[in-house]
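>>> Sequence first, predicted coordinates after that:
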Amino acid sequence: MFEFTLEKTSEKSKARAGRIVTPHGEIETPIFMPVGTVGSVKGVAPRELDEIGAQIILGNTYHLHLRPGEDTVAHFGGLAKFNSWNKPTLTDSGGFQVFSLAKLNKIGEEGVEFRSHLDGSKLFLSPEKSIEIQQKIGADIMMAFDECVPYPSEKIYVEKSLELTTRWAERCLKAKTRDDQALFGIIQGGVFPDLRRRSAEQICALPFEGFAIGGLSVGEDIPTMYEIADFITDHMPADKPRYLMGVGTPEDLLNGIERGIDMFDCVMPTRNARNALLFTNSGKLHIKAARYRLSDEPVDAECGCYTCRNFSRGYLRHLYKTGELLALKLNSIHNLHFYLSLVKRARNAINNGFFEDFKKEILDKITFGGDNV
């Protein structure tokens, strides 16, 4: 069972609030999805994810295929039972990692030959194989196999690639056999509006349960990313969820929501947490800085997460500087709570008609506050 209900659209922008129903529960949109690459959000237990308001997490098909293997995940009853996250999950197709991590990839009509980034072994991934792996992993939402072209790329290459992605999308739909999993198509086309429009027309004509924008945040400048996202949502159906893949910063989330995006994922909150960079309502904070050695303030006085309720900046700096694993956990809990709280407040603002004012207030504070002062 998969349903999407559009509940509210802003009268001043394309921002919208909705609800997704999956076999493992409901998701209120807009939503941010913490990334659990190999079935685990680094340093954060499922119970803690639940406490900070996570509604869905993302697993990575490429990495789960390599370790522990989809048959192992299936043996335990699927990803939700394997990792004890009894809420919705999404798996990407593995395509992005094949093109960005693997070595010596050779792209053909049938699929991609590549070598594992772990041991160099030769592997092959096709649309059918990607769906087979994702069905064994058992996520509520699967992604169609696509080619994510690098930036910059020649227009003629991007054009050929998007046509290949459309043919692969049709094969993914034919390969799907489970009715309890939704499948999203991915729109490509690089930074070329006419190619993006063509890809959207082709992909959105297919019977997918939702649609994603792929191939952004791969090196283009930020204004171009926003321009393409704004352009392409005008060519996506209003009654299906829209997912901007791999993006991004708190600023990207708010700007994406304003352009009609419902779903986001990114490793940024956990990766930055492990490198002592924390997001706050008044801007970014580098917790390892010497000026926080004697600070008894919480990371963010406006934040209600476990980290901010119980620990000072001085203690968190001490943990990080001494290499304590607890620093990585507490920092990750805070950053993920910040992201999830941000989209929750954005949803509330949309439902109550003040999203644009909310966005301006938050962006003014996080752009000019914190360690940016």
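Now that the structure is in, tell me what you want to look at.

>>> Can you give me the distance of the nearest residue to residue 23 once chain neighbours are set aside to residue 106?
For residue 23, ignoring the flanking residues on the chain, the nearest one in space by Cβ to Cβ, 6 or more residues apart in numbering is residue 180 at 5.3 Å. For every residue, glycine as well, the C-beta is placed using N, CA and C. Using Cβ to Cβ, to the nearest Å, residue 180 is found at 34 Å from residue 106.

>>> and what of residue 132?
From residue 132 to residue 106 the distance is 20 Å (Cβ to Cβ).

>>> coming back round to it: look up phi and psi at the residue nearest to residue 23.
phi -90, psi 10 (degrees, to the nearest 10).

>>> Can you give me the pLDDT of it?
Listed pLDDT for residue 180 reads 97.

>>> ok, residue 288 - contacts?
276, 317, 320, 321 (Cβ atoms under 8 Å, 6 or more residues apart in numbering).

>>> hang on, residue 212 is in a strand, isn't it?
Yes: under DSSP: H, G, I helix; E, B strand; the rest coil, residue 212 sits within a strand.

>>> Using just helix, strand and coil, how would you label the closest residue to it other than its chain neighbours?
Closest residue to residue 212 apart from its sequence neighbours, by Cβ to Cβ, 6+ apart: residue 243 at 4.0 Å. Recorded secondary structure, residue 243: strand (three-state DSSP).

>>> in which helix or strand would I find residue 113?
For residue 113, the element it lies in under DSSP states H and E is strand 112-115.

>>> From the chain's centroid, how far away is that strand?
24 Å (Cα atoms, centre = their mean, to the nearest Å).

>>> what's the spacing between the next helix or strand after it and its chain's center?
Next helix or strand after strand 112-115 toward the C-terminus (DSSP H and E): strand 122-125. Computed by Cα atoms, centre = their mean, the chain-centroid distance of strand 122-125 equals 25 Å.

>>> please begin residue numbering at 415 from this point
Okay, residue one is now 415; in that scheme the one you just asked about reads as strand 536-539.

>>> Just the pLDDT for residue 518.
For residue 518, pLDDT reads 62.

>>> likewise residue 645?
98.

>>> need the contact list for it.
With Cβ under 8 Å, 6+ apart, residue 645 has these contacts: 607, 610, 611.

>>> Which one of the residues you listed is nearest to residue 629?
Closest approach to residue 629 among those (Cβ to Cβ): residue 610, at 9.0 Å.

>>> Excluding chain neighbours, what is closest to that closest one?
Using Cβ to Cβ, 6+ apart, the nearest residue to residue 610 is residue 603, at 3.7 Å.

>>> got it, and residue 752?
In space, residue 752 is closest to residue 693, 4.6 Å off (Cβ to Cβ, 6+ apart).

>>> who's that neighbour bridged to?
residue 698 (DSSP bridges).

>>> which residues touch it?
664, 683, 686, 699, 748, 749, 752, 753, 780.

>>> With distance to residue 566 and pLDDT as added columns, please give these in CSV.
Shown next, in CSV, are the contacts of residue 693 (distance: Cβ to Cβ, whole Å; pLDDT from 0 to 100):
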residue, distance to residue 566, pLDDT
664, 27, 97
683, 28, 98
686, 27, 98
699, 34, 96
748, 36, 98
749, 31, 98
752, 33, 98
753, 30, 98
780, 30, 91
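
>>> Among these, name the ones in strands.
Among the contacts of residue 693, the residues falling in strands (DSSP state E) are residue 699.

>>> if we take the contacts of residue 693, which one ends up nearest to residue 485?
Closest approach between the contacts of residue 693 and residue 485, by Cβ to Cβ: residue 683, at 31.4 Å.

>>> quick one: the closest one and residue 753 touch, right?
Yes: in this structure residue 683 lies within contact range of residue 753 using Cβ atoms under 8 Å: 5.0 Å.

>>> Could you tell me which residues touch both of these two?
Both residue 683 and residue 753 are contacted by 448, 693, under the criterion Cβ under 8 Å, 6+ apart.

>>> how is the chain carved up into domains?
As given by the TED database, the domain ranges for the chain are 417-679, 692-772.

>>> Now distance to residue 785 too, for the ones you listed, in JSON lines please.
Formatted as JSON lines, those follow (distance: least, Cβ to Cβ, whole Å):
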{"stretch": "domain 417-679", "distance to residue 785": "15"}
{"stretch": "domain 692-772", "distance to residue 785": "5"}
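
>>> which secondary element of the chain has the worst mean pLDDT?
Taking mean pLDDT, DSSP states H and E as the measure, the chain has strand 517-521 as its least confident helix or strand, at a mean of 76.

>>> what helix or strand does the residue of the chain positioned farthest from its centre sit in?
Here the chain reaches farthest from its C-alpha mean at residue 708, the gap being 35.9 Å by Cα atoms, centre = their mean. Counting by DSSP H and E, no helix or strand carries residue 708.

>>> Contact partners for it?
Residue 708 neighbours (Cβ under 8 Å, 6+ apart): residue 728.
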